[in-house]
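> could you look at this predicted model? Sequence included:
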Amino acid sequence: MKFKGKDGCGVLATARQRLAAHGWSYLRIKHLERHHNEAVILAAR
């Protein structure tokens with residue numbers, strides 16, 4: 001997932017809420033330090 005600037009980081013919380021609402025019980029969001037505007041979302045049921 002890509003986002004723009006520090007303000008765009010809030011989209012990660014929204015993504016977490018939406019995935020949890022659809023039954024993804026285990027969620028992990030990893031911020032890629034070298035690419036400041038990218039994060040990987042790992043999800044498992």
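Cool, got the structure. Model, not experiment: these values are computed from the prediction.
> what's the average pLDDT for stretch 12-20?
The average pLDDT within stretch 12-20 is 89.
> and the contacts of that stretch?
Contacts with stretch 12-20, where a contact means Cβ atoms under 8 Å, 6 or more residues apart in numbering, come from 1, 3, 27, 29, 39, 41, 43. C-beta here means a position set from N, CA and C on the backbone, and glycine is covered the same way.
> next, count neighbours for the closest residue to K4 other than its chain neighbours.
In this structure, K4 finds its nearest non-sequential neighbour in N37, 6.3 Å apart by Cβ to Cβ, 6 or more residues apart in numbering. Residues near N37, counting by other Cβ atoms under 10 Å, number 14.
> do you know how far N37 is from A43?
20 Å (Cβ to Cβ, to the nearest Å).
> thinking again about what came up before, just flag the most distant two among the contacts of stretch 12-20.
Farthest pair in the contacts of stretch 12-20 (Cβ to Cβ) is F3 and A43. Separation: 17.5 Å.
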